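> Can you look at this prediction? I've put the sequence above it.
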Amino acid sequence: MANLTGLFQRGSTYYVRIVLPRKHQLRSSYKNGRYVASLGTCTYREALLKGTIKRAEILGCTSIGTTNTPAQGSLGSLTLSQVFMRWQRASPRSRDSLNACKRSLKFYEEFTKNPPINELTREQGDGFRSWLQAPERNTASKTARDRLVWLKSLLKYSQVDLGLLQRHPWEGIDIKTTPTHKRRPWDASELKTLFGQALHKSYSFPKDWRSGADAAYWIPLLGLFTGARLSELVQLRVKDICTEAHIPVISITDECNHQRVKTPSSIRKIPIHRELIRLGFLDYVFDLKTKEEELLWSGLAMRKDKPGGYFSNWFGEYRRSIGLSQYPDFHCFRHTVRSQLAEADISEAIIDSILGHQIKGSTGAKVYSHKTVAMLRNAIETLSYPSLSLQRSFHPIENQRELAIT
């Protein structure tokens with residue numbers, strides 16, 4: 001198959017660049033005279049075929065008097081649900097992203113009756129925005145905004161990647177969000193309730209399979225004494241508990257296939273608090289090493305695309321079952337740790353290093369202010385919860401796994 005003029009790659013995806021004839025009707029929309037479109041494929045042979053078709057569509061319509069441009073013709077008559085089918089094949093999408101987009105499409109189709117995308121108007125977009133926020137739908141502003149954003153993303157994909165629209169019909173239409181709950185630190189009474197149950201008094205595991213047995217005991221404690229994200233803790237391996245400069249640390253990394261981090265700043269080492277050591281965390285890890293276990297939580301089911309999904313659902317239900325409301329949630333442990341460190345006059349740079357946030361300030365502050373593990377340990381050791389009376393209850397024996405909360 002011959003080469004195609006204008007075919008090129010950005011990353012792994014193929015694009016086609018088409019130089020428009022001087023009198024082409026699209027010249028008014030593309031001032032530089034070049035029409036660029038993604039072909040939605042990483043395969044060279046498929047890109048040749050799609051690129052050839054795209055060139056024929058564009059260059060086959062040069063008459064100024066025609067009413068439909070290639071962007072508004074047969075391809076522009078696609079519905080948004082048909083665009084969605086192409087969008088989901090264009091790049092890898094997580095299951096959660098696909099499901100969220102599908103749910104948004106159902107609302108869109110209910111309101112608009114799913115017209116061709118080249119017939120969508122701004123008035124429809126404004127009407128859909130109001131419809132999403134109608135009182136009878138009882139929808140949080142963030143949820144309504146997320147639904148609108150998914151649809152706007154599909155329209156942008158239609159315009160930018162597929163070249164089906166000359167302009168984005170709903171660009172600039174947005175929904176302002178108002179938080180229904182502001183995350184905050186756990187207070188002393190809430191911590192006392194959470195860690196005063198049989199789970200943390202006698203290492204007795206819940207029967208719910210989502211709790212992950214040992215994970216149910218250790219992960220909340222790790223959240224309280226490290227400020228790490230739930231998604232970071234649930235994916236830990238035994239080898240991620242190690243030492244650096246003779247200091248025991250938890251290594252947050254993405255070096256394994258199942259491990260992910262939120263940002264590059266999330267890759268870090270967090271010293272292990274002396275209270276966790278007293279409660280037996282290092283003994284728990286050593287016990288797993290002797291059994292040649294790979295994962296730190298062998299009893300924790302991993303939900304595809306969201307490692308902490310099952311555990312998060314269980315933790316929410318567990319909190320409510322012991323009389324704690326929706327907030328504070330697990331993420332609030334991060335607020336608890338940040339608040340305590342700030343009250344102890346720990347610098348913002350050290351706090352950001354512990355929590356995995358990008359360090360703020362000048363380039364010099366980011367690049368040259370190296371934080372040693374010893375500095376981080378000194379900061380971590382300022383964390384203190386006087387209201388808690390935690391008793392060591394872990395003992396590395398096999399019958400521990402048979403204990404359960406009745």
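It's in.
> Ala100 is in contact with Phe84, correct?
No. Contact between Phe84 and Ala100 fails when scored by CB atoms under 8 Å: they sit 11.7 Å apart. Backbone N, C-alpha and C define where each C-beta goes, glycine included.
> Look at the two and report which has more neighbours.
Phe84 (22 against 15; other CB atoms under 10 Å).
> That one should be in a helix, yeah?
Yes. Checked against DSSP: H, G, I helix; E, B strand; the rest coil, Phe84 lies within a helix.
> Give me the residue ranges of this protein where confidence is low.
1-2, 28-29, 31, 60-76, 179-181, 304-307, 360-370, 396-406 (pLDDT under 70).
> what's the residue sitting nearest the centre point of it in contact with, if anything?
By CA atoms, centre = their mean, the mean C-alpha position of the chain lies nearest to Lys262, the distance being 6.9 Å. By CB atoms under 8 Å, 6 or more residues apart in numbering, the residues touching Lys262 are Arg229, Ser231, Gly356.
> if I pick the nearest residue to the second one once chain neighbours are set aside, what's in contact with it?
In other words, Ser231. What sits nearest to Ser231 in space, not counting adjacent residues and going by CB to CB, 6 or more residues apart in numbering, is Gly308, at 4.7 Å. Residues in contact with Gly308 (CB under 8 Å, 6+ apart) are Leu230, Ser231, Leu233, Val234, Gln235.
> and Cys242, how many neighbours does it have?
For Cys242, using other CB under 10 Å, the count is 13.
> secondary structure class for it?
Following three-state DSSP, we place Cys242 in the strand state.
> For it, give me its contacts.
Counting by CB under 8 Å, 6+ apart, Cys242 has contacts Pro248, Val249, Ser251.
> tell me which strands and helices the helix or strand where Ser81 lies is in contact with?
Here Ser81 sits within helix 80-90, counting by DSSP states H and E. With contacts defined as 3 or more CB pairs under 8 Å, 6 or more residues apart in numbering; DSSP states H and E, helix 80-90 has these neighbours: helix 95-112, helix 141-156.
> Just after the first one, pick out the following helix or strand.
Right, helix 95-112. Counting by DSSP H and E, the next helix or strand C-terminal to helix 95-112 is helix 122-132.
> That following helix: how far from the chain's middle?
Centroid separation for helix 122-132 versus its chain: 27 Å, with CA atoms, centre = their mean, to the nearest Å.
> With only the CA atoms kept, save it in CSV.
Taking C-alpha atoms only, helix 122-132 is exported to CSV below (Å, rounded to 0.1, in the frame of the first residue of the first chain):
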residue,chain,number,x,y,z
ARG,A,122,-26.7,26.0,22.3
GLU,A,123,-30.3,26.5,23.4
GLN,A,124,-30.5,22.7,23.8
GLY,A,125,-27.3,22.7,25.9
ASP,A,126,-28.6,25.5,28.1
GLY,A,127,-31.9,23.6,28.5
PHE,A,128,-30.1,20.3,29.3
ARG,A,129,-28.1,22.1,32.0
SER,A,130,-31.3,23.4,33.6
TRP,A,131,-32.9,20.0,33.3
LEU,A,132,-30.0,18.2,35.0
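> buried ones in that helix?
Burial within helix 122-132, assessed by neighbour count using 16 or more other CB atoms under 10 Å, is assigned to Gln124, Gly125, Phe128, Arg129, Trp131, Leu132.
> Kindly report the same for stretch 170-188.
Trp170, Ile173, Ile175, Pro185, Trp186.
> cool, stretch 15-34 as well?
Within stretch 15-34, the residues that count as buried by 16+ other CB under 10 Å are Tyr15, Val16, Ile18, Leu20, His24, Gln25, Leu26.
> chain center to that stretch, what's the gap?
38 Å.
> Same question for stretch 124-134.
Using CA atoms, centre = their mean, the offset of stretch 124-134 from its chain centre is 27 Å.
> Nearest residue to Tyr284 in space, please, no chain neighbours.
Sequence neighbours aside, Phe394 is the residue nearest to Tyr284 in space, at 5.7 Å (criterion: CB to CB, 6+ apart).
> hang on, the earlier thing: could you dump the contacts of Cys242 into TSV and include neighbour count?
What follows is these, written out as TSV (neighbours: other CB atoms under 10 Å):
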residue	neighbour count
Pro248	19
Val249	21
Ser251	16
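> In strands, which of those appear?
Pro248, Val249, Ser251 (DSSP state E).
> Over to the residue nearest to the second one when sequence neighbours are not counted. Which of the three states is it?
When you say that, I think you mean Val249. In this structure, Val249 finds its nearest non-sequential neighbour in Lys269, 4.3 Å apart by CB to CB, 6+ apart. Lys269 falls in the strand class when you classify it by three-state DSSP.
> about what we covered before: can I get the helices and strands packed on helix 80-90 in TSV with distance to Glu294?
Formatted as TSV, these follow (distance: least, CB to CB, whole Å):
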stretch	distance to Glu294
helix 95-112	24
helix 141-156	36
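> right, so the ones you listed: which one is the most enclosed?
Highest mean neighbour count of those: helix 141-156, a mean of 18 (counted as mean count of other CB atoms under 10 Å).
> Following the chain onward from that one, which element is next?
Following helix 141-156 in sequence, per DSSP H and E, is helix 188-194.
> Just the buried positions in that following helix, please.
Glu190, Leu191, Leu194.
> pretty sure the first one is in contact with Ser325, am I right?
No. Between Glu190 and Ser325 there is no contact under CB under 8 Å: 9.3 Å.
> Domains in this structure, by residue range?
In terms of domains, the chain is parsed into 7-59, 80-161, 188-402 (source: automatic domain parsing).
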